[in-house]
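Enquirer: I need the structure of the sequence given here:
(one chain, ligands or ions: 1)
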Amino acid sequence: MSIQHWLNHIDGQWVDSDQHLTILNPASNQPVATMAQASVADAELALQAARRCADSAALTRVRPAQRVSWLLEIARQIRLVADQGAEILCAENGKTLRDARDEFTEAARYFEYYAGMADKIEGISVPLGNGYMDFTLYEPMGVSLQIVPWNFPVSICARSLAPALAAGNAVVIKSPELSPLGLCVLMQAIERAGLPQGAVNLLCGRGREVGAFLAAHKSVDQIVFTGSVPTGQSILRAAAENAVPSVMELGGKSAALVFADADREQLLASVRNGIFFNAGQVCSAMSRLLVERSIYDEVIEQVGALARGLNIGPGSENAELTPVISAAQLQGIQAMCQRAQQAGARVVAGGDAVSSLAGNFMQPTVFCDVTADMEIAQSEVFGPVLAILPFDTEEEAISLANGTDFGLVAGVFTQNLNLALRCSRRLRAGQVYVNEWFAGGIETPFGGVGLSGYGREKGQEALYSYVRTKNLALRIQGE
Ligand code: NAD
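Expert: Alright, predicted model coming up:
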């Protein structure tokens, strides 16, 4: 049976390429489809198209109400393709059908949310006294380069694309090699909304070649990168050459602080979602659980039972624990788990791959007796692996939580409001959840400190990453 072949979208056209990538289903490692692999020449054409669009009046100087209509129409079109897109995303990515569908719904919500802001990007007037009038304009940056990772390709892409278009930018999207197909469906929906030619270009090329070429290109006015720390650093070096502003959404090693009075049901629901959702391949995963010593043994037992009880299987069956993206990712996770054991961490659950299944399945894994100096307490695993550490005092909990190079999110579980607020203030993270991991939504600013990156996505604040301020100072004669 032949499989479908997908194309890149450049300057309003679907274009093929000489080279093709085979996209595998992580649940079986069988081919799902092939994808045209964009070349550097394709990337150049996409940038030129975006440049022409950004420099024309078609996108940037239309009445903002027109951009509102475009964004709302994109949202409507995304909802129409959500079922078809979910099946493709589930097959190429391994996530559950339900979560894949949620990605499309969330993508539609981003466009609705930023549609509501597209006609409210208002500057200020600055009083300068007699003889002057002064005001500020928010202008689009121009060409926004958006480099997308594979873990939530559709919703992460929409997270940056929607505010970029709301503000009047033209966009080049570099989709992830391991999971580019959902974005092709997203692009089909966008195409139907009738935006000016070249406003949105979608390319799937090799990161080190095409991604690096795009990041270093002089025609790029802004870079939004979501991905790993080393890639982010190399993109930042390229951006520095051209002094291009960037938003960096990088990794994490986020901790939940669990105090003795925590509601256990709320906690366990959060652990389940926090580290096992999307097979732990979530930048803001709850990858460390810091537990007050008086309940340490009890929590270990409960979390271990939770992990062992999860049903493991393909996303197409909406299993509770789905495969990780690739065989290489699985090997990396296994190796890290072996090193954790060698370093003295004790296995409470899992610890290895699932040998009885053909795809890239990792057992839901929980380590306890982890100490702060261990790799498993410091480095991002990006898989379903939780490290549990005990603490004795509030001070120690804060110091452990803040004791990594990352600072994406953190959580506090307690019934004591004062304690929760004290900790929330002191946690070095871009977002703090109290009593529910992943509380918040597309409306709440999200981003990191330290090696987790900088700049904020989501919420109203994010829109201002996609504009630059111009001040207009006028001399008035006769006053
Ligand atoms: P990755 O860094 O390997 O790749 C991300 C993207 O960058 C891909 O499109 C890839 O092709 C491209 N790329 C690779 N090398 C490049 C280069 N030299 N120049 C330009 N582009 C290049 O990351 P990944 O494995 O796809 O995603 C996992 C990582 O992303 C994890 O570390 C995770 O924490 C992070 N992440 C962060 C967030 C966030 O919002 N903070 C969200 C999701 C994922």
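
Enquirer: please work out how many residues are found near the residue of the stretch 1-150 of the chain found nearest the ligand.
Expert: Closest residue of the stretch 1-150 of the chain to the ligand, Cβ to the nearest ligand atom: Pro149 (3.3 Å). In short, each C-beta sits where N, CA and C put it, glycine included. Number of residues near Pro149 (other Cβ atoms under 10 Å) recorded here: 25.

Enquirer: try Leu474
Expert: 10.

Enquirer: same check on His5?
Expert: His5 - counted by other Cβ under 10 Å - has 11 other residues nearby.

Enquirer: work out the gap between the helix-or-strand element of the chain with minimal mean pLDDT and the centre of the chain.
Expert: Lowest by mean pLDDT, DSSP states H and E among the helices and strands of the chain is helix 57-60, with a mean of 90. Between the mean C-alpha location of helix 57-60 and the chain-wide mean there is a distance of 28 Å, by Cα atoms, centre = their mean, to the nearest Å.

Enquirer: again with stretch 469-479
Expert: For stretch 469-479, the distance to the chain centre is 42 Å (Cα atoms, centre = their mean).

Enquirer: contact partners of it?
Expert: 123, 126, 128, 130-139 (Cβ atoms under 8 Å, 6 or more residues apart in numbering).

Enquirer: how about the residue nearest in space to the middle of the chain, secondary structure?
Expert: Closest to where the C-alpha atoms of the chain average out (Cα atoms, centre = their mean) is Ile156, at 4.7 Å. Here Ile156 takes the helix state, with states given by DSSP: H, G, I helix; E, B strand; the rest coil.

Enquirer: show me what contacts it?
Expert: Applying Cβ under 8 Å, 6+ apart, the residues near Ile156 are 148-149, 226, 249.

Enquirer: what's the local residue count around the residue nearest to Arg61 when sequence neighbours are not counted?
Expert: Distances taken as Cβ to Cβ, 6 or more residues apart in numbering put Gly168 closest to Arg61, at 7.8 Å, once the chain neighbours are dropped. Residues near Gly168, counting by other Cβ under 10 Å, number 25.

Enquirer: ditto for the one 3 residues further on
Expert: Residues lying near Val171 (other Cβ under 10 Å) number 28.

Enquirer: what sits against it?
Expert: 50, 143-146, 161, 164-165, 199-201.

Enquirer: tell me if I am right that it is in a strand.
Expert: Yes. Per three-state DSSP, Val171 lies within a strand segment.

Enquirer: per-residue pLDDT, Ser379?
Expert: Ser379 carries a pLDDT score of 98 in this model.

Enquirer: okay, buried residues for the one helix or strand Ala46 maps to please.
Expert: Counting by DSSP states H and E, the element that carries Ala46 is helix 40-55. Going by neighbour count (16 or more other Cβ atoms under 10 Å), the buried part of helix 40-55 is 42-54.

Enquirer: and if you look at stretch 69-83?
Expert: For stretch 69-83, by 16+ other Cβ under 10 Å, it's 69-75, 77-79, 81-82.

Enquirer: which residues sit against it?
Expert: 85, 101, 104-105, 107-109, 111-112, 114-115, 118, 158, 162, 165-166, 185-186, 188-190, 192-195.
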